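Novice: got a predicted structure here, sequence first:
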Amino acid sequence: HNFLKQKLQTIMLSSLPKLPVPELGRTLKKFLNTVHPLLTPEEYSHTCEVTEEFLKKDGPYLQRLLLQRAASRDNWLSEWWLEVAYLQFRGPLPVYSTPVSLREKEHFKSVSDMLDLASNYLHGTGLFFERIRRGTLSQDRVGDTPLCMHQYKNLPGTYRIPGVAVDSLRHSPDSNHILVIYRGLFFKLPILIGERDSKRALETHLIKHLLSRILATPEEGRVPVGVLTSLDRHSWSVAREEMMKSAVNQHSLDVIEQSLIAIEFDEDGTPDYESHFIQSMTGDLRQNFRYYDRWHDVRTQKLITKDGYSSSSMDHSSTDGTPAITQDFHAYGYTVPVPDLPISPEQLPALEELKWEISPLVSSYITDAKYKLLELSNKLSVKIFSFSGFGKQLPKSRRLSPDSVIQLAIQLTYYKIHDKPTACYESVSTRKFLDGRTDTIRPTSIESTALVRALCSDQDTTVILRLLREFNTAHGRYAVEAVNGQGIDRHLFGLQMIAKQHDMYPKFFSDLGYTRNTQFRLSTSQLPTKDSQYVGYAPLVENGYGVCYNPQ
């Protein structure tokens with residue numbers, strides 16, 4: 001009964017509503033509200049004129065074309081968003097497109113404890129991926145509203161292949177193996193065994209035995225080839241083409257590109273959460289990259305250290321935060337003690353070490369990648385902390401949204417540092433729609449700026465409380481609208497894409513108001529988790545801040 005119920009829940013998603021196209025006039029009105037605090041009176045007056053001209057001239061024509069596109073597709077946005085926001089991005093994946101989730105530190109007494117955690121995690125991952133493959137996941141919901149489950153199909157075996165101008169995704173959902181990277185060596189390790197309709201996750205004691213063999217491999221002939229995946233996408237695609245001239249490399253790359261996930265181990269350890277976070281995001285840059293145990297094109301990379309830290313980093317292109325966190329939650333949920341059982345050779349699947357042939361040209365790319373990644377890593381500053389002054393129940397008891405309170409704290413802090421407001425991005429899920437991904441809540445508004453300025457002055461408490469209520473109401477209203485497909489950012493993005501397709505260049509998209517409103521020096525996101533995790537990502541711009549929070 002439960003199996004059929006879950007199958008029906010997943011099938012039901014075909015009846016989800018399609019992502020709407022907001023009304024043009026409402027979008028432009030909200031745009032002016034969000035851009036107003038970022039401009040001088042003269043700049044704002046000019047932006048109002050340009051916006052009014054767009055509403056009367058080019059806007060309605062582009063809106064009609066966008067509505068036509070929406071009528072002919074399940075989701076008018078999803079293909080564009082994947083292509084432009086992710087696959088066309090030419091910068092390096094680490095830092096710029098690699099969110100990290102970090103768990104509370106474990107207390108390992110030995111390397112065996114580290115391998116126990118890894119074995120349980122990999123077994124739990126195999127179980128979870130089989131549920132995805134069979135369509136038996138429980139339905140995600142917000143209250144009574146079902147959410148689109150399509151992103152889950154991208155969790156197992158999705159790989160990002162670099163291209164000269166645009167990347168591509170390779171999906172290997174029927175794959176059985178993971179990639180294990182240890183001190184510069186690469187291994188293919190099967191974690192699912194059996195035929196397609198009768199696959200099962202490899203037992204934890206067998207996984208642990210194979211991992212122990214990997215950690216005992218002699219340190220010979222190790223090349224930090226994984227650092228190539230940290231290059232800008234154009235350079236990595238050129239280096240990859242050079243590597244593909246070797247049949248040995250072709251085979252190794254093919255194995256990696258079909259991996260379900262990658263897992264790496266660090267026996268040196270990291271001193272604190274912040275150091276581990278950076279190492280998870282960029283890779284181990286110590287000892288002149290003696291060991292570089294990362295492969296950033298694999299959708300999920302798991303890092304576990306002997307001193308108890310564990311984290312996951314992911315390529316963001318095919319999935320958003322919630323499905324990835326759900327994957328980790330289920331994988332870590334398997335905590336059965338690893339049994340100490342006798343093992344016969346026939347119980348073990350084949351463990352394969354991958355080999356490389358490195359040409360002088362590829363070697364030069366490796367050297368270049370080391371310096372560039374070290375430079376990028378040195379630009380990154382990370383702070384992780386827990387606020388214990390109060391939890392989310394306190395603002396709720398005062399009829400305030402916890403998200404509004406946290407966003408106010410972010411806005412106020414930025415204003416105190418820089419003496420001005422800035423464009424702020426807060427991601428919100430649109431998975432209530434078919435193939436939905438995200439849109440943007442705009443915390444910076446007329447209401448937020450008035451409140452922040454009042455808090456930085458000697459305003460009366462009564463005035464501040466009134467402004468706080470107004471901001472809370474405005475922020476909550478915008479959040480509800482964005483969840484329901486009525487945000488401004490994806491709508492304006494769609495109109496801009498239509499304009500480019502028809503060789504139209506409206507002044508609106510080059511106006512100072514629009515460009516300043518899309519330079520997000522504050523990139524924020526609420527990612528609530530069922531367990532204790534720290535989730536974070538780097539800023540969208542070099543002089544910005546990435547702020548991820550988990551109210552509890």
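Specialist: Everything's here; your move. Numbering: from 1, shown residues only.
Novice: pull the distance from stretch 250-263 to the chain's centre.
Specialist: Chain-centre distance of stretch 250-263: 21 Å, with Cα atoms, centre = their mean, to the nearest Å.
Novice: restricting to C-alpha, output that stretch in PDB.
Specialist: Taking C-alpha atoms only, stretch 250-263 is exported to PDB below (Å, rounded to 0.1, in the frame of the first residue of the first chain):
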ATOM      1  CA  GLN A 250      39.600   8.600 -22.300                       C
ATOM      2  CA  HIS A 251      38.700   5.600 -20.100                       C
ATOM      3  CA  SER A 252      39.500   7.400 -16.800                       C
ATOM      4  CA  LEU A 253      37.400  10.400 -17.800                       C
ATOM      5  CA  ASP A 254      34.500   8.200 -19.000                       C
ATOM      6  CA  VAL A 255      34.500   6.400 -15.600                       C
ATOM      7  CA  ILE A 256      34.500   9.700 -13.700                       C
ATOM      8  CA  GLU A 257      31.800  11.200 -15.900                       C
ATOM      9  CA  GLN A 258      29.500   8.300 -15.000                       C
ATOM     10  CA  SER A 259      30.200   8.500 -11.200                       C
ATOM     11  CA  LEU A 260      27.100   8.800  -9.000                       C
ATOM     12  CA  ILE A 261      29.100  11.000  -6.600                       C
ATOM     13  CA  ALA A 262      32.700  11.600  -5.500                       C
ATOM     14  CA  ILE A 263      34.100  11.100  -2.000                       C
END
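Novice: isn't there a helix covering residue 186?
Specialist: No: Residue 186: not assigned to a helix; according to DSSP: H, G, I helix; E, B strand; the rest coil it is strand.
Novice: so how far is residue 254 from the residue lying closest to it once chain neighbours are set aside?
Specialist: Nearest residue to residue 186 in three dimensions, chain neighbours excluded: residue 354, at 4.1 Å (Cβ to Cβ, 6 or more residues apart in numbering). All C-beta atoms are positioned from the backbone trio N, CA, C, and that covers glycine. The gap separating residue 354 from residue 254 is 10 Å, by Cβ to Cβ, to the nearest Å.
Novice: which of those two has more neighbours?
Specialist: More crowded of residue 354 and residue 254, by other Cβ atoms under 10 Å: residue 354, with 20 against 13.
Novice: OK, contacts around that one?
Specialist: If a contact means Cβ atoms under 8 Å, 6 or more residues apart in numbering, then residue 354 has 185-188, 251-252, 255-256 as its contacts.
Novice: now the two most distant members of the residues you listed.
Specialist: The distance between the two most remote of the contacts of residue 354 (Cβ to Cβ) is 15.5 Å, for 185 and 251.
Novice: out of the two, which sits in the busier spot?
Specialist: Neighbours were counted for residue 185 and for residue 251 using other Cβ under 10 Å; residue 185 has more, 21 against 13.
Novice: distance of the more buried one from residue 433?
Specialist: In this view, residue 185 and residue 433 are 44 Å apart by Cβ to Cβ.
Novice: for residue 465, same thing?
Specialist: Separation of residue 465 from residue 433 (Cβ to Cβ): 37 Å.
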